[in-house]
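S.K.: from the sequence below, what's the structure:
(2 chains)
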Number of protein chains: 2
Amino acid sequence: MQPVVSQELFKRSRLSELCAPPEPGGMLKSVAPDSGGMSLVSIDPNRFRERFESFNEIGATDAGGVNRPALSPENITARDRIVEWFEAAGLGITVDEMGNIFGHRAGETDLPPVMFGSHIDSQYNGGRFDGVIGVLGALEVVEALDDANISTKRPLEIAVWSNEEGVRFQPDMLGSGVFCDVFDLEYAYGRTDEDGVTFGDELERAGYKGRAACEPRDLHCYFELHVEQGPFLEQEGLSVGAVEGVFGFSWMNVTFEGQANHAGPTPMNMRRDAMVGVSDVVQAVRRITATEGTDLVGTVGSVDVWPNAINVIPETVEFTLDFRSYDNDVVERAVQRVQTEIETAADREGLDYEFEEIMRVDADPFDDDCIQTVVEATEKRGYDFTRLVSGAGHDANYLNTICPSSMIFVPSVDGISHRESEFTEWDDVLAGTEVLLSAVRQKANE
Amino acid sequence: MQPVVSQELFKRSRLSELCAPPEPGGMLKSVAPDSGGMSLVSIDPNRFRERFESFNEIGATDAGGVNRPALSPENITARDRIVEWFEAAGLGITVDEMGNIFGHRAGETDLPPVMFGSHIDSQYNGGRFDGVIGVLGALEVVEALDDANISTKRPLEIAVWSNEEGVRFQPDMLGSGVFCDVFDLEYAYGRTDEDGVTFGDELERAGYKGRAACEPRDLHCYFELHVEQGPFLEQEGLSVGAVEGVFGFSWMNVTFEGQANHAGPTPMNMRRDAMVGVSDVVQAVRRITATEGTDLVGTVGSVDVWPNAINVIPETVEFTLDFRSYDNDVVERAVQRVQTEIETAADREGLDYEFEEIMRVDADPFDDDCIQTVVEATEKRGYDFTRLVSGAGHDANYLNTICPSSMIFVPSVDGISHRESEFTEWDDVLAGTEVLLSAVRQKANE
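M.R.: Have a look, this model is predicted:
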């Protein structure tokens, strides 16, 4: 999982120059001040498409996806490519202690910048759009403004967040989490992958441990363009979603413990079968979601059985629960109800059980003004849109704790994401990028 | 997993002398012919208990069980101990090509022998009684006859079967299976453990690949003393069970395939959750066992989920089904009904599925005359008993295909077996052994 040494050294020596933020205004190119009349700036569909296809050759999988988990060789190559393109676009580059990459376009003033971006790490064998369009779309926004010789009052800053997916190092959104003071830097450095390699060591080996402090700073606002990862926009025939906020959720670990015994001589009335308890809870999750709030979703995603043999009654099953809603009270009621169901299932089967809620995150409403900016940008561009709520968490959630934030969604075909078959129509990617451009330009001139 | 070399060489040189069957009658000790009056011969409880405790020091676990899987160093030590004790008891020892160990006590004639025994390999961290009491009990039977100076018309032969448990090398009952022509020798030799080591190579390394052919031969009958591994005898307060036969069973592999997707943004009505299908089938198995024949048992023992993550809807679940009954028609109906339930569950959730029945074994009724012999021996000894059917398979099943067979069960406390907490009251072990003695003596004088 390590890049070759020569590449490392090259990057380390180069990045050592990049880790301090550029002088404000130092990268200001000779472009005209924005007229303020908000004439529509065009993006270059061909340039964007070529860059998107070229970028997704890195770590491309046979099934049409990409495999670029955080700090994998492919992720490092992708980082190098981004740095190269940012440099070519004249952006001032900063890499912070968490390996977050920032591309800075100076404004006419030193007012706090408008930040926008996403991530380029992927799921194992994930999709080509998730995160990528938010970063390459951001670059296209900057280049489109350059092409049109338009400057902005405030600086612009593209953010490329480390370890968003959380598949190699957990938890997810680690880079933006440290940036927003949700996690300590040392905690993040100490996160280990399956082989026991720490994020900090791997970041250093990759040559992406920058010198810039990873900590909250004064930002005017934050926008993120992302695929919806759900089916609503496609079902409604819309190109763009103005994201009002993100579902809250509860994650739970449950263990049922019964008694392993031979599947032949043990009569049904003598059994304490942990798998029967799990089956009851899976049914209960469906009942709870059917009766408790229209947006509530519930999932039993992970199930581990012991001893897991064809002829032995399951003694122990560890499984997970995930409930999400935009209504915190609905999540709370679901958690209460499922605990009752777990107790009932355990009583019925004579099982012991352990229940632990390992994470609870409240619903996160985005900033009204940023949402309205996205809505107006979409209307100005003439795209069909809706306001919607995201079921999944994003870096924008953490950014929303330190500055006004919102997101722009584009449709996911069949609602599929985190898989190689993830797909978004290119026209929708372009639409979302144009909306991002208009929203960024609007806020950058405030 | 290999014994030290010097021990190997010692055994090989010794076993090379043992691999040919002894001359019939050659081991005949100077004992009196059986009177035929069937006076009750006593076993020696202390000798038997001391031997049992000493034997179970081999591979003893901290939790009170034993760990002696087939051809492990501990199993080899246990084999050596058995050979040593058989020799000390004056038995003629044969080791066949499968590593089955036979201890031969000559009869007054060369008529086909009465065979009895069991196995000494254990589950990983298994119990102290399973198999062991059938072998050590058999040795106690022979020594008790020796003590009483009683010979029998027919030879007696103790059998110690290789790889009964099937936990290291599958399938189970491999040694008796080859002996009874259920499996080819080459098939058995080629079975591999988790590390890819073959049974044949490991047998040779252990020094227990004998020269005697492993093939059916003329036996008068076969008895096996074993723990019940179920709760009936203990529940009924009985010491002994005369086993009428063994359940038939069906083993099935099922795969549900839905669609992995993010647990947050995917609404409930868009899900194709393979785990929900499994939950439906677990419920169905309970319904089927509740309504289809009083002895039917059904188990979903193994469940493997992919991708098995807290925040991803399960795409693929592979799971197993096990149905058993003494009535072959009941098993057949259960298999039919569960297929309908699988199809219904798949339709309901929009899943694809694969169904394969990987094994079907008919119920195996033991020999009426052998069963009656056990019943009469139990009555003669004055123990409370019942006729019962075994839910689990045993070496006796295969022996039953080549000669009249039956089994003697003693109670398993709480029906527990295959675990370190497996336990049988010592008085019950003694009772079963006395019944074995009387049954063997009865048949050996026919």
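
S.K.: now do the domain split for chain A, please.
M.R.: A:5-246+A:364-444, A:248-361 (automatic domain parsing).

S.K.: got any ranges where chain A has weak pLDDT?
M.R.: Applying pLDDT under 70 to chain A picks out residues A:1-38.

S.K.: in space, what's closest to residue A:118 - neighbours in sequence excluded?
M.R.: residue A:134 (2.5 Å; C-beta to C-beta, 6 or more residues apart in numbering or on different chains). To be clear about C-beta, it is placed using only N, CA and C from the backbone, and glycine gets the same treatment.

S.K.: quick check: buried residues in the strand or helix carrying the one you found?
M.R.: Element membership for residue A:134 (DSSP states H and E) is helix A:132-147. Buried residues in helix A:132-147, counted by 16 or more other C-beta atoms under 10 Å in any protein chain shown: A:132-146.

S.K.: to residue B:401, which of the domains of chain A lies closest?
M.R.: Taking C-beta to C-beta, domain A:248-361 is the member of the domains of chain A nearest to residue B:401, at 18.9 Å.

S.K.: distance from the closest one to the middle of the chain?
M.R.: 28 Å (C-alpha atoms, centre = their mean, to the nearest Å).

S.K.: what's the first-to-last distance across it?
M.R.: 5 Å (C-alpha to C-alpha, to the nearest Å).

S.K.: tell me the strands beside whatever helix or strand residue A:355 lives in, with direction?
M.R.: Secondary structure from DSSP H and E places residue A:355 in strand A:352-361. Using DSSP bridges, strand A:352-361 pairs in its sheet with strand A:248-257 (antiparallel).

S.K.: what's in contact with the strand holding residue A:355?
M.R.: A:248-258, A:277, A:331, A:335, A:339, A:342-343, A:346, A:393 (C-beta atoms under 8 Å, 6 or more residues apart in numbering or on different chains).

S.K.: quick one, what contacts the residue nearest to the spatial centre of chain A?
M.R.: Compute the mean C-alpha point of chain A, and by C-alpha atoms, centre = their mean the closest residue is residue A:394, 3.8 Å away. For residue A:394, the contacting residues are A:118, A:164, A:173, A:224, A:226, A:246, A:407, by C-beta under 8 Å, 6+ apart.

S.K.: just the closest of the residues you listed to residue B:283, please.
M.R.: Out of these, the member with the shortest distance to residue B:283 (by C-beta to C-beta) is residue A:246, at 34.5 Å.

S.K.: neighbours of the closest one, how many?
M.R.: When neighbours are defined as other C-beta atoms under 10 Å in any protein chain shown, residue A:246 has 26 of them.

S.K.: show me where the stretch 251-400 of chain A has strands.
M.R.: Taking DSSP state E, counting those that start in this stretch as the test, the strands found in the stretch 251-400 of chain A are A:297-299, A:303-306, A:316-325, A:352-361, A:364-365, A:385-390.

S.K.: which of these sits most buried?
M.R.: strand A:297-299 (a mean of 27; mean count of other C-beta atoms under 10 Å in any protein chain shown).

S.K.: direction included, what does that one pair up with?
M.R.: strand A:316-325 (antiparallel).

S.K.: in which helix or strand would I find whichever residue of the stretch 101-250 of chain A sits closest to chain B?
M.R.: Residue nearest to chain B within the stretch 101-250 of chain A (C-beta to the nearest C-beta): residue A:230, separated by 3.0 Å. Counting by DSSP H and E, no helix or strand carries residue A:230.

S.K.: quick check, it in contact with residue B:265.
M.R.: Yes. Using C-beta atoms under 8 Å, residue A:230 is in contact with residue B:265, at 3.0 Å.

S.K.: still on that earlier bit, of all the domains of chain A, which lies closest to residue B:381?
M.R.: Closest approach to residue B:381 among these is made by domain A:248-361 (23.9 Å; C-beta to C-beta).

S.K.: how close does residue A:49 sit to residue A:433?
M.R.: 11 Å (C-beta to C-beta, to the nearest Å).

S.K.: okay, the two: which has more neighbours?
M.R.: residue A:433 (25 against 15).

S.K.: residue A:438 against residue A:377, yeah?
M.R.: Yes. Counting by C-beta under 8 Å, residue A:438 does reach residue A:377; the two are 3.6 Å apart.

S.K.: between these two, which one's more packed in?
M.R.: residue A:377 (26 against 22).

S.K.: residues contacting the more buried one?
M.R.: Per C-beta under 8 Å, 6+ apart, neighbours of residue A:377: A:435, A:436, A:437, A:438, A:439, A:442.

S.K.: ditto for residue A:226
M.R.: A:118, A:130, A:131, A:133, A:134, A:394, A:396, A:407, A:408, A:409, A:410.

S.K.: from these, which land in helices?
M.R.: The members of the contacts of residue A:226 that map onto helices under DSSP state H are A:133, A:134, A:396.

S.K.: how about those in JSON lines, adding distance to residue A:213?
M.R.: As requested, the ones in helices among the contacts of residue A:226 are exported to JSON lines (distance: C-beta to C-beta, whole Å):
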{"residue": "A:133", "distance to residue A:213": "29"}
{"residue": "A:134", "distance to residue A:213": "24"}
{"residue": "A:396", "distance to residue A:213": "21"}
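
S.K.: burial check on the spatially closest residue to residue A:209 that is not a sequence neighbour, number of neighbours?
M.R.: Once flanking residues are discounted, residue A:209 sits nearest to residue A:203: 4.6 Å by C-beta to C-beta, 6+ apart. Using other C-beta under 10 Å, residue A:203 has 24 other residues around it.

S.K.: C-terminal to the host helix or strand of residue A:203, what's the next element?
M.R.: Here residue A:203 sits within helix A:199-206, counting by DSSP H and E. The helix or strand immediately downstream of helix A:199-206 is strand A:221-227, counting by DSSP H and E.

S.K.: tilt between the longest helix along chain A and strand A:352-361?
M.R.: As assigned by DSSP H, the longest helix anywhere in chain A is helix A:328-349. With axes from the mean of the first three to the mean of the last three C-alpha atoms, to 10 degrees defining the directions, helix A:328-349 sits at 170 degrees from strand A:352-361.

S.K.: in helix A:328-349, what counts as buried?
M.R.: A:328, A:330-335, A:337-339, A:341-342, A:345-346, A:349.

S.K.: same question for stretch A:364-382.
M.R.: Buried residues in stretch A:364-382 (16+ other C-beta under 10 Å): A:364, A:366, A:367, A:370, A:371, A:373, A:374, A:375, A:376, A:377, A:378, A:381.

S.K.: list the contacts for residue A:250?
M.R.: A:321, A:322, A:323, A:324, A:331, A:334, A:335, A:357, A:359, A:360 are the contacts of residue A:250 under C-beta under 8 Å, 6+ apart.

S.K.: from chain B, how far off is the nearest residue to residue A:371 once chain neighbours are set aside?
M.R.: Once flanking residues are discounted, residue A:371 sits nearest to residue A:406: 4.8 Å by C-beta to C-beta, 6+ apart. For residue A:406, the distance to chain B (C-beta to the nearest C-beta, to the nearest Å) stands at 17 Å.
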